[in-house]
Structure formats: structure tokens, C-alpha cells
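# Got a predicted model here, sequence first, then my questions.
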There are 2 protein chains.
Amino acid sequence: MSPITPPLASRLDGLQSSAIRDLLKLTARPEVIGLAGGLPDAQLMPRDRIALAAESALADRARLQYTESAGWGPLREVLAVRESARLGRPVPLEEVFVTHGSQQALSLLAEVLLDPGALVVVEDPAYVGALQVFRAAGARIVSVPLDSEGMRIDALAELLDRGERPAVVHTVSNFHNPRGVTLSPPRRRALAELAERYGFWVIEDDPYGELWFDHPAPEPVASHSPNVIRLSSTSKTLAPTLRTGWMIAPNTVCRAVELLKQGADLCGSALTQQIAADLLADTDWFTAHVDKIRRIYGERAQSLVAALRTRLGARIISTDATGGMFIWVDFTDNTDTIALLPRAIDHGVAFVPGSAFSVSGAERNSMRLCFTTSDTATLTEAVDRLAGSLGE
Amino acid sequence: MSPITPPLASRLDGLQSSAIRDLLKLTARPEVIGLAGGLPDAQLMPRDRIALAAESALADRARLQYTESAGWGPLREVLAVRESARLGRPVPLEEVFVTHGSQQALSLLAEVLLDPGALVVVEDPAYVGALQVFRAAGARIVSVPLDSEGMRIDALAELLDRGERPAVVHTVSNFHNPRGVTLSPPRRRALAELAERYGFWVIEDDPYGELWFDHPAPEPVASHSPNVIRLSSTSKTLAPTLRTGWMIAPNTVCRAVELLKQGADLCGSALTQQIAADLLADTDWFTAHVDKIRRIYGERAQSLVAALRTRLGARIISTDATGGMFIWVDFTDNTDTIALLPRAIDHGVAFVPGSAFSVSGAERNSMRLCFTTSDTATLTEAVDRLAGSLGE
């Protein structure tokens, strides 16, 4: 008799593999210009500086051993200094918790903060990695729309007026994935006020905040209330291989996450955490390094947006190139982007249809384009191909 | 109003911090000889070889990017070859899944295989990291005792006869933590047969199997049935900082774990996984390296056991020095090891009382001693101090 596994079978049904990952497998053909991915550009990752830091880390045998579940001490110290500056208040060490990428923070927070059936409010469209975590936690998910100023706080307030009581509200506050927009300062304050008035947690998921093009991202939502748990990561500024994310949260939350982290994987890698600490502490170098990424991503984003507006004109509304890694395009002429995708791939360009990120099942006339890994000539060519697939 | 967090509060109550970790903090005074820890010896970790592998890994920018959730391909290939030899059957690539230490495999498997209230059978005393995972999963836990041949399969058979139907049976098959014993070959076959007859999964947790002193560990339980999921790791043979564990399991289980891994932390570090792959693939070097650890740990274990038997004689029964990292001592004269611990620390030696690992609340007259990080003179001195604290 083979093992009886109803839980296994039901979990296979209940969980959704990331639509983006599956799509990436289909569009990996070299002749296709891939704007579907969501990866930072490996060519801009500081390989030599990482190699130096690795060598230095490995000079100390303590970096070979298990490390603290909350993260390697000196990394937490560097992060406390950086986050204190970002948040405009002193962040004590016990409020800094290092995770295996910020995805792990999301996953452990869902375990700590959510009972099955608890209400989670997400943005629509949403970061799919967060949706996956909240769905797996058995949360009831309600979405509020985004506009050019980010999450529609008026729609959230309406939910609360109707008596909905979320345990958690999740927002990608800066240069939203997939929607490209940034939550405006007045809405940040309003969100923080609602969190305190109604007693919910905000998870401010901020992997892209450093990647601004013209002017820095606004003060974090977490500057405005202790009810806001802030997540960030080195994956977009240094390299995903470091698997170094972090959470800034009240001590009680950090200690609950610490217990879960011990069960989840004991601790992170002292080697990759020291590399991250080393590079983040070298502030002049780090600033110059991120400035370079900003400049190059900014040029790419602008050329993509310019090509879209030139070639497709009134057929589309595109977000502005303000930061992050993505441009979001809405078709004004009812173009069905799921139907368009195979034609676009035939013309040699790939994107992600907006519906892949949709919570409500809408976004059939939209698409996400990632500009990070293509130069401006390639992006212009990609838009030409896209226009071709549209019969332009 | 601050967030309403009944789930947070209840989870803080429900989870137990690792008793060992808390104890380690108390016994970190430099004048105390620490036999309480459970760490491999950092002095034996191949720092220079790891540094070389890191340099080589970082020559390829692909190692800086996100990697596959199931693990970096070439590492899975090396593991498939090694595990095929170990299991005596060809292990296909889709049955190899890399995790962030084998603790993560335990944690993700608990999510895949267990519904709340499902029965898990563990050994008593048990590996506390496994207990923590199964408790957090809401499993009903029943234990079976160990003797000098490992898990008492007759006691498991009795449970099954009485109608108990476990979803999972967890065993540390080689050089048990904390109990020091190894599951005998006839019991391995009997356990595999019961798993097939009654349709349960066995999780064979094997971090210590390579660390045998006189003769290799027996064929894995996983050699005898596809119902056995095998876990191992490089933490004890190379270095914990690599955070490289793995699971050998049927494809359906690996794919379910893959979906959960995407939500849990997306993927591991391609850098540390390439380092592990590089060192494991260098088979002559790896064999010589592990032989050295075996020889040194073997000498340490033998001198600890010899000192215990010489100084404490009939007051104790100690396990033999056969492999792994731990010696288990039972007092035959009802010595209460929890009461003994503060006296022992006053005499300058620390151990973990057996009750810290006990599922049933027994083991009040036993202790776990870790011999990995002390040389033979220090171990002899430690036993002298222990004898002193006992009034010998």
C-alpha cells in the first residue's frame, strides 16, 4: 500500500504555481526579446566587490558556523543604521530581523499574524509571491484597486466602513510590481492612520525603493506608525544570490518570527550575510553603485515608455518611468492581452498579461513589461515587434 | 488602537524555543567546558577549499542571479550520483530537491504531508528541531522509545496493531541526536515493511551518516522502500554556512515541496549551492576530508567514553563511540541531571539534561554530551569536573 496522502493531493490542487515562472519557461527561446521576466540585470551586479567580500568573510572561521536565527549581528547593526536614516527614527537592534530574501519574511509573518480565515487586504493587481503566501495561509483575500497614486485608500476606508476588519493590509509602496506606481505621501499618512484606528498591521513590502530615477521615494509608510512592518532586500540592489532580506517590526513580532525561523530553517548563511553587511556598510561605494543602476535602469525605462507612446499612441496608457523594474500598460481599445501573447511571441517579444497579477480576475487589457535586462536599442525593437503583433 | 493579535499571542505560547539554544546562552562563559552544544568543529571546516570554490563560483554571473526553487541544477546532479551510490538504485534528478539546510526540508514536508491533528510518530528522546516542526504543524505526536539498536520497531508495530495510523514516522537513523545509537539493519527492513503495509511516510533524517568511526553506517532505510523520504545535509561534513540540505523523495512529493518553497523563500543561494556542488564533486578530496573528520571525532569520542567509564564506572551507562557528534549517558543511581546541571556548571562543565529531548517527560537521569569541539585532554578534564560535581 502506498502512503495515504489526501493532504498532499489537496495542497497540490490548492496552491498555484507562479504564473510568471511557468510563462518564463515558455518564452526562453533566444530569438524572443523577454520583457516578461522580473529579474534584475546580472551585468550590473557587483561581482568583483562580492568576491572581495567573500574572501574577507572566509578569513574568519566564525562565518562557516551556524549563525543567529535573527541574522548575523553586524549585518543587523548596518541595517539598523540604514533603516534609522530611512525611517527618520532610531531603529533598535531587536526590531531588525534578517530573512532568506524578503519572501521569507512574508511567509513567516503570514504564520505569525494570520489565523485561517483572517482577512488580508491586497492591492489589485498584486505581487503574486504575496498572494501565494496569503492563499496558502488560508486567509480570506479582499483587494482594493490601484491608481496612479498607488493603493486607493478611499476604497480601503470604504471596506472598513462596511465593517470589514483586516488582520493585515499588504502594499508594495514604491514602484509597484506589477503596476509601476508609488503610494503618494498623503495616502501613506492616511493608511497609517487607518491601521492605528482599526488595529490592523500594514506590511510595507519595499524591494524597489532604492531604485528611483528622478527623485527619491517618499518617506516609508512605516515612518508614520508602529503598526507598519517594513520589508526590504538586497536582491534588487546587490544580488539575489545573497538571499538577504529583512524586516523592521516591533520586538514582539520579531521574537515570534524568530521562533518560526528556527523551525523553518534554523538560520541564514553567515557567509552571504557578511557579504551583504560588508557592501552595505561601504556607504560611498554602495551609493555610487546604486546610482549607476538607477541611471541605467532609468535610461532603459524612459526609452521603453517613449517607444510605447510613439508606436502605440492613443491605443495605450503607460505608467511613467519613475523607478523600479516595471512598466504597466493598459490598452484603451480592449486589446485582450492573453490572446495577444502567442502572437507577440511569434513576432519575437514576450510580456506578462495583466491578468496573471489580477486578484479580481480583471486586467484583461493590460500587460507588465520589465525593462531591466535589455538595452535601449533592444527595447525599441521589442516595441516594434509588439506593434507588429498588434497589426500596427 | 494597536493591532489585535490573538494569533501572535497564541503562537508565542504554543511554540517552544529550542531548550538547547537557551541553555547555550547560559553556558557560554569561557571557563566552562561546553559539552552542551551541538555544533561541528569550525577548525575542521575546509575554509581554504570553500574560498577557492567561492572564487570560482563568482567567475560566472549566473551564480549571482535567482536560481531554481528545486536547487541549482549541477548540485542536484552531484547529489543524484552520490545518493544513487548510497541507496543502491538510480536516483532520478526529479527526486532530488535542495533545501536551506535539512531543517527546511522537515518544515516543508510537514506542510505537505500533515493535516492538523495528523499523527506523527517520533523517537523518544527526539531531535528537538523535528519536534518543533511537528508541533507547529498541529500534529498529534506519539513517541516510541529507542534502545541500543535504535527505534524500537516492536513498539511501533504495537501502536499500529492498536489501530494508530500515523501519517509520518520520523527517525534519525544514524548516530542519533541526542541518543547516539544507530538503527540496526533488520529494524530498517522492518520499518520499511510497516511503512508499505500501513501506508505511512518515513522521514529518514540523516545528517550524521557520513561521520562513522569504525565501519560505515548501514544501508539507508530509504534503500528498502519508496515510502521513505531521505534527508541529509553538508552542515556536518562541510560547513553550516552553506545552508545546503537535500531531500530524496518521490517526484509528487518534490513537486508539492517545490510549490511551498516558492512561497517560503523563492529559492536558495546559487553561490553557496555551487560551493557545495564543487566540493562534493571533488570526490577524492571530499573522501580524504571526511576521513580526517572521522578520525579526529573518533579519537575525541573514544577518549570521552573511556574517561566516563573510568571515572564514573557503574554509576553510568554510556553509548559506544560509533559515529556522529554525541554520547548519551544514563545514570544508574537516579542522579537527577537537571539538578546536577548548575553544580556541574559551578565545577566548569556543561551538558544538556536528557529531559530537554524527552517527548514523554522522562529521561531525568540522562544527559547528552557533544565531543566535537574539544580535544582529548579537554574532554578528560571535563569528565573530571563532572565527577567532581557528582562528589566523586
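Received it, and whenever you're ready, just let me know what you need.
# All the strands of chain A, residue numbers only.
For chain A, applying DSSP state E gives strands covering A:33-34, A:96-100, A:119-124, A:140-147, A:150-151, A:168-171, A:201-205, A:228-233, A:244-248, A:316-318, A:326-331, A:349-350, A:352-353, A:366-370.
# Packing partners of the third one?
What that stands for is strand A:119-124. Judged by 3 or more CB pairs under 8 Å, 6 or more residues apart in numbering or on different chains; DSSP states H and E, strand A:119-124 is in contact with helix A:128-136, strand A:140-147, strand A:168-171. C-betas here are computed from N, CA, C, even on glycine.
# So the residue nearest to residue A:137 when sequence neighbours are not counted versus residue A:120, what's the distance?
Nearest-residue entry for residue A:137: residue A:110, 4.2 Å, with adjacent residues in sequence omitted and distances by CB to CB, 6 or more residues apart in numbering or on different chains. Residue A:110 is 8 Å from residue A:120, where distance means CB to CB, to the nearest Å.
# Longest helix in chain A, by number of residues?
helix A:283-312 (DSSP state H).
# between it and strand A:366-370, how many degrees?
Angle, helix A:283-312 to strand A:366-370, by axes from the mean of the first three to the mean of the last three CA atoms, to 10 degrees: 140 degrees.
# Now do helix A:283-312, average pLDDT.
The pLDDT scores in helix A:283-312 average 98.
# is it up against chain B anywhere?
No. Helix A:283-312 lies out of reach of chain B by CB under 8 Å from any CB of the partner chain, never closer than 13.4 Å.
# do stretch A:64-71 as well
Yes. Judged by CB under 8 Å from any CB, stretch A:64-71 and chain B are in contact via A:64, A:65, A:66, A:67.
# show me what contacts the first one?
With contact set as CB atoms under 8 Å, 6 or more residues apart in numbering or on different chains, residue A:64 has these partners: A:58, A:270, A:271, B:42, B:45, B:47, B:50, B:239, B:240, B:241.
# Between the residues you listed, which sits nearest residue B:316?
residue B:42 (29.6 Å; CB to CB).
# The closest one - nearest residue in space that isn't next to it in sequence?
Using CB to CB, 6+ apart and skipping residues adjacent in sequence, the residue nearest residue B:42 is residue A:61, 4.4 Å away.
# Could you list the contact residues of the stretch 151-300 of chain A toward chain B?
A:167, A:195-201, A:226-227, A:235, A:239-243, A:252-253, A:255-256, A:259-260, A:262-272.
# about what we covered before: buried sites along the longest helix of chain A?
Neighbour counts over helix A:283-312 (16 or more other CB atoms under 10 Å in any protein chain shown) mark A:286, A:289-290, A:293-294, A:296-308, A:311-312 as buried.
# swap in stretch A:54-73?
For stretch A:54-73, the neighbour count (16+ other CB under 10 Å) marks A:54, A:57-58, A:63-72 as buried.
# again with stretch A:123-142
Quick answer for stretch A:123-142 (16+ other CB under 10 Å): A:123-137, A:139, A:141-142.
# what bits of the stretch 51-200 of chain A have low per-residue confidence?
Counting by pLDDT under 70, the stretch 51-200 of chain A contains no low-confidence range.
# can you give me the helices in it?
With DSSP state H, counting those that start in this stretch as the criterion, the stretch 51-200 of chain A has helices at A:73-87, A:101-113, A:128-136, A:153-161, A:185-198.
# ok, which pair from the contacts of residue A:64 is furthest apart?
Largest separation among the contacts of residue A:64 by CB to CB: A:58 and B:240, giving 13.8 Å.
# Tell me how many other residues crowd residue A:330.
Neighbours of residue A:330 under the rule other CB atoms under 10 Å in any protein chain shown: 16.
# For residue A:312, see how far away it is.
Separation of residue A:330 from residue A:312 (CB to CB): 11 Å.
# cool, residue A:236 as well?
Going from residue A:236 to residue A:312 by CB to CB gives 28 Å.
# Check residue A:332 too.
For residue A:332, the distance to residue A:312 - CB to CB - is 10 Å.
# Same question for residue A:322.
Separation of residue A:322 from residue A:312 (CB to CB): 20 Å.
# What of residue A:66?
Remark: distance between residue A:66 and residue A:312 (CB to CB) = 54 Å.
# Quick check, pLDDT for residue A:362.
Here, the pLDDT recorded for residue A:362 equals 85.
# Can you report how many residues lie near it?
Around residue A:362 there are 14 other residues, counting by other CB under 10 Å.
# same deal with the one 4 residues further on?
A count of neighbours around residue A:366, defined by other CB under 10 Å, yields 24.
# Which segments of chain A make up each domain?
Using the TED database, the domain parsing of chain A gives A:10-45+A:287-390, A:58-282.
# tell me the most buried of those?
Most buried of those, by mean neighbour count (mean count of other CB atoms under 10 Å in any protein chain shown): domain A:58-282, with a mean of 22.
# Report the distance from that one to the chain centre.
Here domain A:58-282 is found 9 Å from its chain centre; the criterion is CA atoms, centre = their mean, to the nearest Å.
# With stretch A:356-373 instead?
Relative to the centre of its chain, stretch A:356-373 is centred 14 Å away, using CA atoms, centre = their mean.
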